[in-house]
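Asks: predicted model and sequence follow; I will ask about them next.
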Amino acid sequence: TGGHTTEILRLLSCLSESYSPRHYILADSDKMSEAKIRSFEQKRSETFSDSQFTLDRIPRSREVRQSWTSSVVTTLYSILYSLPLTYKLKPDLILCNGPGTCVPVCISALLLRLLRIKRAIIVYVESICRVETLSLSGKILYYFSDYFIVQWPELKQKYPKSVYLGRIV
Amino acid sequence: FRFKDSLAEDLRRADLVISHAGAGSCLETLEKRKPLIVVINEKLMNNHQLELAKQLHKDGHVLCCNCSTLVETLQSMDLSTLKPFPPGQPEKFALFLDKVVGFQ
């Protein structure tokens, strides 16, 4: 969604073409991100001729401030949806920036790892907006990601297993 | 003006921006090197939105006020005290990720 898409595209901006093909997963309710992504990929294809990407949508796992009990239900529904998608894509690397949408995808990837079907590296970059506290996605994925990146020193202090590279977006 | 696709053009022409504490608004404005006054409405905001505004203010990149002190802030502000906001460095992320993945 919105700010997350902008952040993630900035994170992608300096990646080499070895990171290909790129599979974008969006929430079904997200209206604006698709245009931003297509524009980014369009520009990219001007430099890298063989640039490939796909775009898929999954049900949004949680609305802002949605209640706990209904969040569990909607997240489970999103997992049911994202599991076959993640199985189909079998990513080597999953990069996420914190919207609720990333949690079911990461959980799916962990399930595939448990079942020894595919081992993806999960890299989570907490949003630049998070200076002192982690987002809910961050709190969950701090324990389940392979690399957890924060962008402010205070978070590095609070979450010692995280990686601090300064501001990267 | 409700929901424009992009404020980039308006931002380019502005001499001063007064904004709510949304991260996108703040960062976009600072990157365009425009002076920014962030108006904080604690009743409306999530705590986490406040985090970034507070930090930017602490680091001297923005002026802060609330709705009732806005006029006073505008009258007494000294924009020369604002420090420029250095851009983020996605190249550091690329270097890190290359190592992680093994593309060195």
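Replies: Happy to help now that I have it. Residues are numbered from 1 along each chain as shown, chains lettered A, B, ... in the order given.

Asks: of all the residues in chain A, which ones are close to chain B?
Replies: For chain A, the contact set with chain B under Cβ under 8 Å from any Cβ of the partner chain comprises A:2-3, A:6, A:10-11, A:13-16, A:18-19, A:92-93, A:121, A:123, A:125, A:127-133, A:135, A:146-147, A:149, A:151-152, A:163, A:165-169. No exception for glycine: its C-beta is placed from N, CA and C like everyone else's.

Asks: any of those residues buried? List them.
Replies: Buried members of the residues of chain A next to chain B, counted by 16 or more other Cβ atoms under 10 Å in any protein chain shown: A:3, A:6, A:10-11, A:14-15, A:19, A:121, A:123, A:125, A:127-131, A:135, A:147, A:149, A:151-152, A:163, A:165, A:167-169.

Asks: and the pLDDT for residue 8?
Replies: Answering for chain A, as no chain was given. Looking at residue A:8, its pLDDT stands at 94.

Asks: sorry, should have said chain B
Replies: You'll see residue B:8 listed with a pLDDT of 79.

Asks: show me what contacts it?
Replies: The contact partners of residue B:8, by Cβ atoms under 8 Å, 6 or more residues apart in numbering or on different chains, come to residue B:28.

Asks: for residue A:59, same thing?
Replies: Here residue A:59 is in contact with A:27, A:28, A:74, A:77, A:78, A:81 (Cβ under 8 Å, 6+ apart).

Asks: any stretches of chain A with poor pLDDT?
Replies: For chain A, the stretches with pLDDT under 70 are A:1-2.

Asks: go through it and flag its longest helix.
Replies: When chain A is parsed with DSSP state H, its longest helix is helix A:68-89.

Asks: can you tell me the element the residue nearest the centre of chain B falls in?
Replies: With distances taken as Cα atoms, centre = their mean, residue B:26 lies nearest the centre of chain B, 2.1 Å away. Using DSSP states H and E, residue B:26 falls within helix B:23-31.

Asks: tell me how many other residues surround residue B:23.
Replies: For residue B:23, the count of nearby residues is 22 (other Cβ atoms under 10 Å in any protein chain shown).

Asks: an error on my part: the question was meant for residue A:139.
Replies: Considering only other Cβ under 10 Å, residue A:139 is surrounded by 12 other residues.

Asks: what residues of the helix or strand it falls within count as buried?
Replies: Applying DSSP H and E as the criterion places residue A:139 in helix A:136-144. Neighbour-count burial for helix A:136-144 flags A:137, A:138, A:140, A:141, A:142 (criterion: 16+ other Cβ under 10 Å).

Asks: check which helices and strands the helix or strand containing residue B:54 sits against.
Replies: For residue B:54, the element it lies in under DSSP H and E is helix B:47-58. Using 3 or more Cβ pairs under 8 Å, 6 or more residues apart in numbering or on different chains; DSSP states H and E, the elements in contact with helix B:47-58 are helix B:23-31, strand B:36-40, strand B:63-66.

Asks: pick the most buried one from those.
Replies: Of all the helices and strands packed on helix B:47-58, strand B:36-40 has the most neighbours on average by mean count of other Cβ atoms under 10 Å in any protein chain shown, namely a mean of 22.

Asks: what lies in contact with it?
Replies: With contact meaning Cβ under 8 Å, 6+ apart, strand B:36-40 is reached by B:16-21, B:26, B:29-30, B:50, B:53, B:56-57, B:61-67, B:70, B:73-74, B:77, B:82.

Asks: so where's chain B uncertain?
Replies: Where chain B drops to pLDDT under 70, the residues are B:1-5, B:44-48.

Asks: show me what from it comes close to chain A.
Replies: Neighbours of chain A within chain B, by Cβ under 8 Å from any Cβ: B:23-24, B:27, B:47-49, B:51-52, B:54-55, B:86, B:88-94, B:96-98, B:100-101, B:103.

Asks: thanks a lot, catch you later.
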